[in-house]
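Participant: Coordinates for the following, if possible.
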Amino acid sequence: MAFTVNHKEAGSGTLIPEGEYEVIIKNAFLSKTANGAECISLRLTVRNDCGQKYENYMIFDNLYKRHEPTPADMAVDGYSAKQIQTLSKSAGLPDGKNYSGIDEWVKDLIGKLLRVTIKHEDYNGKTNARVQWRNETKRPNCTHIWKDINPAAEKIGFMEEGNEDDDVPF
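Facilitator: As a prediction, this is how the structure comes out:
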């Protein structure tokens, strides 16, 4: 299989600078940390249709179950009800929409647009980029082109680059 070296696609290990970024939710799923903490994992991609730096950069974001959930939190499986409602509004989920459970809600987030604020946080001697705020996008007309194959993108009408080697077994 032939390929071409492209330095623009090389990873740099660079910490994304603090600031606001227009993103698209590439994936969302229920998960657990290495320590066993249950969370909702979000994979956010910096959009490449907004003229911003760090296009296609992946941002990892998690919402954790509360240690002492309120009755409102229990309605969303022990996660912060306020965080769930804020993310729902920010992602443009319809007001009044009913979900059978948190797993259905998580799946509905895939492909939604957000504007996130990144802050740096020191933890265990390491600096990490953390999503501090999740807000509604300022750029609702999305023409993001996926760098790689993403079946979710096909379902929501975004363009993606094709793969010429569809018969590869891996």
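Participant: just checking, Ala28 is part of a strand?
Facilitator: Yes. Under DSSP: H, G, I helix; E, B strand; the rest coil, Ala28 falls within a strand.
Participant: What count of nearby residues applies to Gly36?
Facilitator: Residues lying near Gly36 (other CB atoms under 10 Å) number 6. Every C-beta, even on glycine, is put in place using the N, C-alpha and C of the backbone.
Participant: For the nearest residue to Asn135 once chain neighbours are set aside, list the residues it contacts.
Facilitator: Leaving aside its chain neighbours, Asn135 sits nearest to Arg115 (4.7 Å; criterion: CB to CB, 6 or more residues apart in numbering). Going by CB atoms under 8 Å, 6 or more residues apart in numbering, Arg115 touches 20-23, 90, 134-138.
Participant: what do you get for Lys112?
Facilitator: Shown in contact with Lys112 (CB under 8 Å, 6+ apart): 24-25, 91-93.
Participant: can you put these in JSON lines and add secondary structure and neighbour count?
Facilitator: Formatted as JSON lines, the contacts of Lys112 follow (DSSP: H, G, I helix; E, B strand; the rest coil; neighbours: other CB atoms under 10 Å):
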{"residue": "Ile24", "secondary structure": "strand", "neighbour count": "25"}
{"residue": "Ile25", "secondary structure": "strand", "neighbour count": "21"}
{"residue": "Ala91", "secondary structure": "coil", "neighbour count": "20"}
{"residue": "Gly92", "secondary structure": "coil", "neighbour count": "13"}
{"residue": "Leu93", "secondary structure": "coil", "neighbour count": "17"}
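Participant: what's the closest of those residues to Asn56?
Facilitator: Nearest to Asn56, judged by CB to CB, of the contacts of Lys112 is Ile24 at 10.3 Å.
Participant: Tell me which stretches of the chain form helices.
Facilitator: Using DSSP state H, the helices of the chain run over 71-74, 81-90, 102-109, 151-156.
Participant: Contacts for the longest one, please.
Facilitator: Identification of contacts with helix 81-90 by CB under 8 Å, 6+ apart yields 63, 70, 72-73, 75-76, 95, 102, 105, 109, 114-115, 134-136.
Participant: which of those sit farthest apart?
Facilitator: Farthest pair in the contacts of helix 81-90, by CB to CB: Thr70 and Arg115, 27.8 Å.
Participant: of all the contacts of Lys112, which two lie farthest apart?
Facilitator: The largest distance within the contacts of Lys112, taken as CB to CB, falls between Ile24 and Leu93 and amounts to 14.6 Å.
Participant: Show me which positions of stretch 88-105 end up buried.
Facilitator: Residues 88, 90-91, 93, 102, 105 are the ones in stretch 88-105 that count as buried (16 or more other CB atoms under 10 Å).
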